[in-house]
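[1] can't give you the sequence, but here's the structure:
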């Protein structure tokens, strides 16, 4: 990605400079000198932009992978808790413990 951004910006700068300088009726040496100098300047600028973009994409990808791993761990922990035995209630005042819907809970 870095080299592609550098090459694209360099070729774009070369072509734009060539067309712009030709309209001023400059000699060929001047046209090529300006076009090649703009090519190298924009090559390095494009390389910097490509490096920055690749760094941002890699950081975002790493962040999303860590986030997804955390979600998977939390889901696995919640599933493990759900598979554990239910909480057993002790009878109060001699009455067996019941859930709100009237189902009796058993001890042990």
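    Arrived safely. Nothing here was measured: the structure is a model prediction, and the numbers come from that model.

[2] the strand or helix carrying residue 44 packs against which elements?
    Assessed by DSSP states H and E, residue 44 sits inside helix 28-83. Other helices and strands packing on helix 28-83, by 3 or more C-beta pairs under 8 Å, 6 or more residues apart in numbering; DSSP states H and E, are helix 2-22. Every C-beta, even on glycine, is put in place using the N, C-alpha and C of the backbone.

[3] go through the helix it packs on and flag the buried ones.
    Neighbour-count burial for helix 2-22, counted by 16 or more other C-beta atoms under 10 Å, picks out 2, 5-7, 9-10, 13-14, 17-18, 21.

[4] in JSON lines, list these along with distance to residue 62 and pLDDT.
    Below are the buried residues of helix 2-22 laid out as JSON lines (distance: C-beta to C-beta, whole Å; pLDDT from 0 to 100):
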{"residue": "2", "distance to residue 62": "18", "pLDDT": "88"}
{"residue": "5", "distance to residue 62": "21", "pLDDT": "91"}
{"residue": "6", "distance to residue 62": "24", "pLDDT": "92"}
{"residue": "7", "distance to residue 62": "27", "pLDDT": "92"}
{"residue": "9", "distance to residue 62": "27", "pLDDT": "94"}
{"residue": "10", "distance to residue 62": "30", "pLDDT": "94"}
{"residue": "13", "distance to residue 62": "33", "pLDDT": "94"}
{"residue": "14", "distance to residue 62": "36", "pLDDT": "94"}
{"residue": "17", "distance to residue 62": "39", "pLDDT": "90"}
{"residue": "18", "distance to residue 62": "41", "pLDDT": "90"}
{"residue": "21", "distance to residue 62": "45", "pLDDT": "83"}
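
[5] with these in mind, which one is nearest to residue 72?
    residue 2 (32.2 Å; C-beta to C-beta).

[6] where does the closest residue to the closest one other than its chain neighbours land on pLDDT?
    Distances taken as C-beta to C-beta, 6 or more residues apart in numbering put residue 50 closest to residue 2, at 3.8 Å, once the chain neighbours are dropped. In this model, residue 50 is scored at 94, pLDDT.
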